[in-house]
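Novice: Predicted model and sequence follow; I will ask about them next.
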Number of protein chains: 2
Amino acid sequence: MERTDAEALDRADPLAHLRDRFDLPDGLIYLDGNSLGPLPRGVAERVARLVGSEWRDDLITSWNAHGWYDLPATVGAKLEPLLGAEPGTVTVGDSTSVQLFKLLVAGARLRPDRRVVVTEPGNFPTDSYVIDGVARLLGLSVRWWDASSQPLADVLDDDVAVVSLCHVDYRLGRMHDGAAVTRAVHDTGAVVLWDLCHSAGAVAVDLAGWDADLAVGCGYKYLNGGPGAPAFGYVAPRWLGVVDQPITGWFGHATPFALERDYRPADGVRRLLSGTTPVVGTAVLDAALDAFDGVSMADVRRKSLALTDLFLALASERLGVHGVEAEVPRDHAARGSQLCLRLPEAYGFVQALIARRVVGDFREPDLARFGVAPLYTRFTDVYDAVEHMAAVLAAGEHRRPENVVRAAVT
Amino acid sequence: MERTDAEALDRADPLAHLRDRFDLPDGLIYLDGNSLGPLPRGVAERVARLVGSEWRDDLITSWNAHGWYDLPATVGAKLEPLLGAEPGTVTVGDSTSVQLFKLLVAGARLRPDRRVVVTEPGNFPTDSYVIDGVARLLGLSVRWWDASSQPLADVLDDDVAVVSLCHVDYRLGRMHDGAAVTRAVHDTGAVVLWDLCHSAGAVAVDLAGWDADLAVGCGYKYLNGGPGAPAFGYVAPRWLGVVDQPITGWFGHATPFALERDYRPADGVRRLLSGTTPVVGTAVLDAALDAFDGVSMADVRRKSLALTDLFLALASERLGVHGVEAEVPRDHAARGSQLCLRLPEAYGFVQALIARRVVGDFREPDLARFGVAPLYTRFTDVYDAVEHMAAVLAAGEHRRPENVVRAAVT
């Protein structure tokens, strides 16, 4: 495998032009879009207009005049095709943790006679923290499913109210079969809540096709909505008139500005809202999603798999000699949009790569994680990144003192 | 009373120079800062830097390199002096509705053997909605206190867990005695949760002096933090190590990036956080609060009262002849930073004023509400506004067809 092979893949890539929709730093190979997506073009202008014109000049009237009030629906409508979601089923607001909290409670209320929430020990920790918190609040118990060793059927019974799973695992990138899991959950009479943080914008998600009940996801990873972007929430059409979330703030009311005494949930997915829409952050996400305009998620998925296939082949060819093992599901159907390398000096390895302007991230205790984002990651980026990785390992840069002293939180 | 009298008040105003800290539209008299504060200078530059440099160039490393991770504490430290709060007791994030939800549950958990939440029917409706929602979730009951006709003692007994009150009423601007109410609540063994949405940045708040337990408030009214700005939460020092909020997301964890399996709340007020900090909106609030740099809240309060005194005197002198009644507590100690006019055509009246570039807002069914914000409202603004009001009433502009057809939500 030569660099010219990667160049040929870039030339043949039908999504190659999408990279121009991002304002990427020169010379940086950014493989950390699954922590924070880069800046899409148009966002800076949108924010400048929002602050310097809409807010400055039109003040409170902008809620109508500039569509601030409708932003959750506007952004939801942009997300629906990326998620395979029916029109009018997605809204945005709050953090993922808060969205997850609301939909876990709502999910449990759909099955009031059942007392168990099923989830995985390998969840992103905030999922486990929030699930534990909801279980304690509602007097439910949590049942842990070890998907690596146990069939799902083993943990399902007629006491399970909600099964809450990360579609793509944040560490090793293992992806669940959304349709099969949803079917199994429904067969036992429970509802499923999908966390799409590491899926949305990177892999094919088909909420309607899966017959999913509820879902949440993150705005700032593969959706590139900026640091701490609002999260999204999905409610299946059959639950829209029923779903009953616990944080009954005025923006989820049927007529917020009538300031009625009693809470009446809005028709439709707007009832997931609680407080006033965070306009600036939501507008950033809205502008960022224009990077997906006209993009087929099937094409995105195809390129994502081609990128990780290349990554895996190169890693096997060039890093295996250094005893470094690639961690990525070999089966396409079970693979997200990332690849990890496992080595004891993973922290120093990631630091040494950053010094070479190749950005991935470290996950305790021994993983170096690299996300590929089909909208802007090139095949040559993967090629060049692996060249740098091989050079780091050959020169022992990952063991140099300046790379192994851990900084504060990253 | 002549305009020259108002001009003299402006000349003598020690806070007059603060108006230059805002980027206000020319010729607009903005008396709606209690719905959405205007744009402080420096905010547009801060956002441009955050997006175009910190996010664009430094990407994920900005969490450390540009202080994103510490933003809740940074902004909290700017708010503490405005709230009379002890250092390390205030943080920001989420909407007011979500903050209120979290602190209501946390407050009830401080008094687990008590089953009643006391509040007022005149709350801002989202407070009532959220309180009803929490009561339902926890199996508590809500007891309504009609502060206009009933002593607080009548609704307090040893079954009351939490008393949740708006310090300043959003409609008529009635302000509670923070110290006296807190003392009465403590005497009965309950905890108090103050909603400071219509107080923070406009009136003197003294959480430490009141001996308050918990508080929340809004970032986008008198604090000018932009549309849908993050809200703040306060926890008294004696509860910091104890308070137990229900949305246990990773940003409230003691060591979020260690990704531990089990939730351990952070020491201090950071445990109020749930999801990832909404960086863009929080940075806007951070920059906006520089407008309060070096400002004494005692001076702010003094000017606020002088502005509403002038407003009341002018309204009595010039609007009473049209049968329009000013609604504002006569007692300074019970007055917020606003004044309402009550008239059946309040909607048309507000519209007619907007056409004259005087912005207040309408509150169902018959109130025209005007906020005064001491950092940028001039005495001449109040004078000129009342002149416009008198002209509207004299010409019957408030009854003209174009002013009485209601627009959609505002």
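Specialist: Yes, it's here.

Novice: ends of stretch A:315-328, how far apart?
Specialist: 11 Å (CA to CA, to the nearest Å).

Novice: in it, what's buried?
Specialist: Neighbour-count burial for stretch A:315-328, with 16 or more other CB atoms under 10 Å in any protein chain shown as criterion, is recorded at A:A315, A:R318, A:L319, A:V324, A:A326, A:E327, A:V328. In this view, the C-beta of every residue, glycine as well, is placed from N, C-alpha and C.

Novice: Please apply the same query to stretch A:75-86.
Specialist: A:V75, A:G76, A:A77, A:K78, A:L79, A:E80, A:L82, A:L83, A:G84, A:A85.

Novice: Just flag the most distant two among the residues you listed.
Specialist: Within the buried residues of stretch A:75-86, A:V75 and A:G84 form the most distant pair, 16.7 Å apart (CB to CB).

Novice: so what's A:W144 up against?
Specialist: When contacts are counted by CB atoms under 8 Å, 6 or more residues apart in numbering or on different chains, A:W144 touches A:V118, A:T119, A:E120, A:P121, A:V155.

Novice: now these: which count as buried?
Specialist: A:V118, A:T119, A:E120, A:V155.

Novice: Tell me what the second one is bridged to.
Specialist: Beta-bridge pairing of A:T119 under DSSP bridges involves A:W144.

Novice: quick revisit: go through the contacts of A:W144 and say which is closest to chain B.
Specialist: Nearest to chain B out of the contacts of A:W144 is A:P121 (CB to the nearest CB; 7.3 Å).

Novice: The closest one touches A:D132, doesn't it?
Specialist: No. Here A:P121 lies out of contact with A:D132, judged by CB atoms under 8 Å, at a distance of 11.8 Å.

Novice: what about the closest residue to chain B within the stretch 201-350 of chain A, how many neighbours?
Specialist: Nearest residue of the stretch 201-350 of chain A to chain B (CB to the nearest CB) works out as A:G275 at 2.2 Å. Residues within reach of A:G275, counting by other CB atoms under 10 Å in any protein chain shown, total 27.

Novice: show me the contacts for it.
Specialist: Counting by CB under 8 Å, 6+ apart, the residues that A:G275 touches are A:G93, A:G249, A:W250, A:F251, B:D94, B:S95, B:T96, B:S97, B:V98, B:T126, B:G228, B:A231.

Novice: for A:H332, what are its contacts?
Specialist: Here A:H332 is in contact with A:L305 (CB under 8 Å, 6+ apart).

Novice: Same check on A:E325?
Specialist: Per CB under 8 Å, 6+ apart, neighbours of A:E325: A:L341, A:R342, A:L343.

Novice: Columns neighbour count, pLDDT and distance to B:T377 on top of those residues, output as JSON lines?
Specialist: Listed next are those as JSON lines, based on neighbours: other CB atoms under 10 Å in any protein chain shown; pLDDT from 0 to 100; distance: CB to CB, whole Å:
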{"residue": "A:L341", "neighbour count": "25", "pLDDT": "98", "distance to B:T377": "60"}
{"residue": "A:R342", "neighbour count": "15", "pLDDT": "96", "distance to B:T377": "62"}
{"residue": "A:L343", "neighbour count": "19", "pLDDT": "96", "distance to B:T377": "62"}
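
Novice: now, which of those residues lie within helices?
Specialist: Judged by DSSP state H, the contacts of A:E325 include no members of helices.

Novice: which one of the residues you listed is nearest B:W55?
Specialist: For these, the nearest to B:W55 is A:L341 (26.7 Å; CB to CB).

Novice: thought the closest one was touching A:A326?
Specialist: Yes. If you go by CB under 8 Å, A:L341 and A:A326 touch, sitting 6.0 Å apart.

Novice: Would you map the helices across the stretch 301-410 of chain A?
Specialist: Ranges of helices in the stretch 301-410 of chain A, per DSSP state H, counting those that start in this stretch, are A:346-355, A:379-395, A:401-404.

Novice: ok, and which of the ones you listed has the densest surroundings?
Specialist: Neighbour counts (mean count of other CB atoms under 10 Å in any protein chain shown) averaged over each of these peak at helix A:346-355, with a mean of 23.

Novice: In terms of residue numbering, what are the domains of chain A?
Specialist: Per the record, chain A has its domains at A:3-30+A:296-404, A:44-292, by automatic domain parsing.

Novice: nearest to B:G268, of these?
Specialist: domain A:44-292 (17.8 Å).

Novice: Tell me the span between the first and last residue of the closest one.
Specialist: End-to-end for domain A:44-292, by CA to CA: 17 Å.

Novice: Run a quick neighbour tally on A:L375.
Specialist: Count around A:L375 with other CB under 10 Å applied: 23.

Novice: got the contact list for it?
Specialist: With CB under 8 Å, 6+ apart, A:L375 has these contacts: A:L15, A:L18, A:R19, A:R21, A:F22, A:G201, A:N224, A:A291, A:F292, A:V295, A:V300.

Novice: returning to what we had before: select from the contacts of A:G275 every entry located in helices.
Specialist: Using DSSP H, these in helices are B:T96, B:S97, B:V98, B:T126.

Novice: can you map out the helices along the stretch 151-300 of chain A?
Specialist: Using DSSP H, counting those that start in this stretch, helices in the stretch 151-300 of chain A cover A:178-187, A:207-210, A:279-288, A:297-318.

Novice: Need those in TSV (columns: distance to chain B).
Specialist: As requested, the helices of the stretch 151-300 of chain A are arranged in TSV below (distance: least, CB to the nearest CB, whole Å):
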stretch	distance to chain B
helix A:178-187	23
helix A:207-210	21
helix A:279-288	4
helix A:297-318	19
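
Novice: returning to what we had before: and the contacts of A:E325 near chain B, which?
Specialist: Among the contacts of A:E325, not one lies near chain B by CB under 8 Å from any CB of the partner chain.

Novice: Among the residues you listed, name the ones in strands.
Specialist: Cross-referencing the contacts of A:E325 against strands under DSSP state E gives A:L341, A:R342.

Novice: May I see the contacts of A:E325 arranged in JSON lines, with distance to A:S141 as well?
Specialist: Output for the contacts of A:E325, formatted as JSON lines (distance: CB to CB, whole Å):
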{"residue": "A:L341", "distance to A:S141": "37"}
{"residue": "A:R342", "distance to A:S141": "33"}
{"residue": "A:L343", "distance to A:S141": "38"}
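
Novice: Return the per-residue confidence for the spatially most central residue of chain A.
Specialist: Central residue of chain A (CA atoms, centre = their mean): A:C197, 2.2 Å from the mean position. Listed pLDDT for A:C197 reads 98.

Novice: just A:D211 next, same as before
Specialist: 98.

Novice: tell me, how many neighbours does A:D57 end up with?
Specialist: 17.

Novice: can I assume it sits in a strand?
Specialist: No. Using DSSP: H, G, I helix; E, B strand; the rest coil, the assignment for A:D57 is helix, not a strand.

Novice: Leaving out sequence neighbours, find the closest residue to it.
Specialist: Distance criterion CB to CB, 6 or more residues apart in numbering or on different chains; nearest residue to A:D57, sequence neighbours excluded, is B:P25 at 5.3 Å.
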